[in-house]
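Chemist: Pasting a predicted model and its sequence here:
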Amino acid sequence: MPNQHKEVQRFRRWEILLPLVLLMIFTIYNIYESTVLSDFRPEAHFWKGVLALLLLGGTLAYLLSIRLLVKVDAEKIKFQYFPVHRKKQKIYWEEVERCEVLNLPLSVQLSGWGVHVGERMFCVKPGSGIRLHLKDGQKFFISCKDPEAVAQILREREAKA
(Lines give C-alpha, C1' and ligand atoms only; values in the text may rest on other atoms or scores of the structure.)
Protein backbone atom coordinates (compact mmCIF):
# COMPACT_ATOMS: atom_id res chain seq x y z
CA MET A 1 0.00 0.00 0.00
CA PRO A 2 1.44 3.40 -0.93
CA ASN A 3 2.42 5.88 1.72
CA GLN A 4 -0.41 8.26 2.58
CA HIS A 5 -1.38 10.86 5.14
CA LYS A 6 -4.95 11.27 6.31
CA GLU A 7 -6.32 13.69 8.89
CA VAL A 8 -9.49 15.38 10.09
CA GLN A 9 -9.35 18.93 11.43
CA ARG A 10 -12.15 20.64 13.31
CA PHE A 11 -12.68 24.29 14.16
CA ARG A 12 -11.71 24.62 17.81
CA ARG A 13 -10.52 28.21 18.18
CA TRP A 14 -11.45 28.84 21.81
CA GLU A 15 -10.74 32.56 21.54
CA ILE A 16 -13.76 32.70 19.21
CA LEU A 17 -15.98 29.98 20.69
CA LEU A 18 -15.67 31.10 24.34
CA PRO A 19 -17.05 34.64 23.78
CA LEU A 20 -20.00 33.16 21.85
CA VAL A 21 -20.79 30.81 24.73
CA LEU A 22 -20.47 33.64 27.25
CA LEU A 23 -22.78 35.87 25.18
CA MET A 24 -25.31 33.04 25.04
CA ILE A 25 -25.18 32.61 28.83
CA PHE A 26 -25.57 36.37 29.31
CA THR A 27 -28.55 36.42 26.91
CA ILE A 28 -30.22 33.48 28.66
CA TYR A 29 -29.79 35.23 32.00
CA ASN A 30 -31.28 38.47 30.59
CA ILE A 31 -34.30 36.59 29.23
CA TYR A 32 -34.75 34.83 32.58
CA GLU A 33 -34.40 38.10 34.49
CA SER A 34 -36.88 40.00 32.31
CA THR A 35 -39.53 37.26 32.40
CA VAL A 36 -39.23 35.61 35.83
CA LEU A 37 -37.42 37.90 38.25
CA SER A 38 -38.92 41.21 37.19
CA ASP A 39 -42.44 42.60 37.37
CA PHE A 40 -41.66 44.69 34.29
CA ARG A 41 -42.09 42.36 31.29
CA PRO A 42 -41.55 44.15 28.03
CA GLU A 43 -42.47 41.82 25.19
CA ALA A 44 -40.05 43.46 22.73
CA HIS A 45 -37.04 42.79 24.97
CA PHE A 46 -38.03 39.14 25.32
CA TRP A 47 -38.26 38.55 21.57
CA LYS A 48 -35.03 40.46 20.90
CA GLY A 49 -33.32 38.23 23.45
CA VAL A 50 -34.72 35.08 21.83
CA LEU A 51 -33.61 36.31 18.40
CA ALA A 52 -30.12 37.09 19.73
CA LEU A 53 -29.97 33.65 21.35
CA LEU A 54 -30.97 31.96 18.09
CA LEU A 55 -28.36 33.90 16.11
CA LEU A 56 -25.60 33.15 18.63
CA GLY A 57 -26.62 29.49 18.84
CA GLY A 58 -26.72 29.17 15.05
CA THR A 59 -23.30 30.75 14.72
CA LEU A 60 -21.89 28.43 17.38
CA ALA A 61 -23.47 25.37 15.72
CA TYR A 62 -22.05 26.41 12.32
CA LEU A 63 -18.54 26.91 13.71
CA LEU A 64 -18.63 23.57 15.53
CA SER A 65 -19.76 21.81 12.32
CA ILE A 66 -16.71 22.97 10.32
CA ARG A 67 -14.28 20.20 9.51
CA LEU A 68 -11.53 19.70 6.97
CA LEU A 69 -10.76 16.19 5.74
CA VAL A 70 -7.37 15.88 4.03
CA LYS A 71 -5.85 12.81 2.39
CA VAL A 72 -2.51 13.04 0.59
CA ASP A 73 -0.95 10.15 -1.30
CA ALA A 74 1.42 9.66 -4.24
CA GLU A 75 -1.40 10.09 -6.78
CA LYS A 76 -3.49 13.02 -5.53
CA ILE A 77 -4.64 15.31 -2.75
CA LYS A 78 -8.22 14.74 -1.68
CA PHE A 79 -9.96 17.20 0.63
CA GLN A 80 -13.39 18.22 1.82
CA TYR A 81 -14.11 21.45 3.67
CA PHE A 82 -17.50 20.82 5.26
CA PRO A 83 -20.04 22.55 5.09
CA VAL A 84 -18.70 24.35 1.97
CA HIS A 85 -18.04 21.14 0.00
CA ARG A 86 -20.61 18.37 -0.09
CA LYS A 87 -18.25 16.12 -2.09
CA LYS A 88 -14.55 15.49 -1.70
CA GLN A 89 -12.37 17.61 -3.99
CA LYS A 90 -9.42 16.04 -5.81
CA ILE A 91 -6.26 17.60 -7.15
CA TYR A 92 -3.98 15.21 -9.03
CA TRP A 93 -0.23 15.74 -8.84
CA GLU A 94 -0.09 16.00 -12.65
CA GLU A 95 -2.10 19.26 -12.35
CA VAL A 96 0.36 20.75 -9.83
CA GLU A 97 3.20 22.93 -11.09
CA ARG A 98 4.73 23.64 -7.68
CA CYS A 99 3.98 22.61 -4.10
CA GLU A 100 5.28 24.17 -0.89
CA VAL A 101 4.95 22.81 2.61
CA LEU A 102 4.50 25.67 5.10
CA ASN A 103 4.98 25.56 8.82
CA LEU A 104 4.81 29.18 9.98
CA PRO A 105 5.51 30.01 13.62
CA LEU A 106 2.80 31.52 15.81
CA SER A 107 4.45 34.97 15.72
CA VAL A 108 4.01 35.10 11.92
CA GLN A 109 0.37 33.98 12.18
CA LEU A 110 -0.45 36.65 14.76
CA SER A 111 1.42 39.45 12.99
CA GLY A 112 -0.48 39.08 9.73
CA TRP A 113 2.56 38.26 7.61
CA GLY A 114 1.08 34.85 6.85
CA VAL A 115 -1.75 36.35 4.77
CA HIS A 116 -2.43 34.43 1.56
CA VAL A 117 -3.51 36.80 -1.22
CA GLY A 118 -4.99 35.36 -4.39
CA GLU A 119 -5.34 31.83 -3.05
CA ARG A 120 -8.32 29.64 -2.36
CA MET A 121 -7.90 28.76 1.29
CA PHE A 122 -9.21 25.71 3.06
CA CYS A 123 -7.90 26.39 6.48
CA VAL A 124 -8.81 25.33 10.00
CA LYS A 125 -5.37 25.68 11.58
CA PRO A 126 -3.63 28.74 10.13
CA GLY A 127 0.07 28.69 9.47
CA SER A 128 0.77 25.07 8.65
CA GLY A 129 -0.23 23.34 5.47
CA ILE A 130 0.51 22.95 1.80
CA ARG A 131 0.42 25.64 -0.87
CA LEU A 132 -0.32 24.39 -4.36
CA HIS A 133 0.37 26.28 -7.58
CA LEU A 134 -1.57 24.56 -10.36
CA LYS A 135 -0.57 24.60 -14.01
CA ASP A 136 -3.76 26.51 -14.90
CA GLY A 137 -2.76 29.41 -12.61
CA GLN A 138 -4.94 28.58 -9.60
CA LYS A 139 -3.43 28.68 -6.13
CA PHE A 140 -4.63 26.71 -3.12
CA PHE A 141 -3.69 26.59 0.54
CA ILE A 142 -4.84 23.52 2.47
CA SER A 143 -4.05 23.47 6.16
CA CYS A 144 -2.50 20.37 7.73
CA LYS A 145 -1.84 19.40 11.33
CA ASP A 146 1.30 17.52 10.32
CA PRO A 147 2.97 19.21 7.34
CA GLU A 148 6.12 17.09 7.78
CA ALA A 149 4.17 13.91 6.95
CA VAL A 150 2.98 15.59 3.74
CA ALA A 151 6.55 16.70 2.96
CA GLN A 152 7.72 13.08 3.38
CA ILE A 153 5.12 11.86 0.87
CA LEU A 154 6.23 14.60 -1.57
CA ARG A 155 9.91 13.60 -1.16
CA GLU A 156 9.06 9.92 -1.80
CA ARG A 157 6.99 10.88 -4.85
CA GLU A 158 9.83 12.98 -6.29
CA ALA A 159 12.35 10.20 -5.61
CA LYS A 160 10.23 7.74 -7.65
CA ALA A 161 9.86 10.20 -10.56
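Modeler: Structure received. Treat the numbers as computed from the prediction; the structure is a model and nothing was measured. Numbering: from 1, shown residues only.

Chemist: in this protein, what secondary structure element scores lowest on mean pLDDT?
Modeler: Least confident helix or strand, the chain: helix 106-111 with a mean of 62, by mean pLDDT, DSSP states H and E.

Chemist: Grab the nearest non-local neighbour of Leu60.
Modeler: Distances taken as CB to CB, 6 or more residues apart in numbering place Leu20 nearest to Leu60, at 4.9 Å, with adjacent residues excluded. For the C-beta atoms, the positions are set from N, CA and C on the backbone; glycine is no exception.

Chemist: Quick check: phi and psi on that neighbour?
Modeler: phi -60, psi -40 (degrees, to the nearest 10).

Chemist: Tell me who's in contact with it.
Modeler: Shown in contact with Leu20 (CB atoms under 8 Å, 6 or more residues apart in numbering): 56, 59-60, 63.

Chemist: Quick check: which element contains Glu7?
Modeler: strand 4-10 (DSSP states H and E).

Chemist: Remind me what that strand packs against, helices and strands.
Modeler: Counting contacts by 3 or more CB pairs under 8 Å, 6 or more residues apart in numbering; DSSP states H and E, strand 4-10 is packed against strand 67-73, helix 147-160.

Chemist: Could you rerun that using 10 Å?
Modeler: helix 43-65, strand 67-73, strand 76-82, strand 139-143, helix 147-160 (3 or more CB pairs under 10 Å, 6 or more residues apart in numbering; DSSP states H and E).
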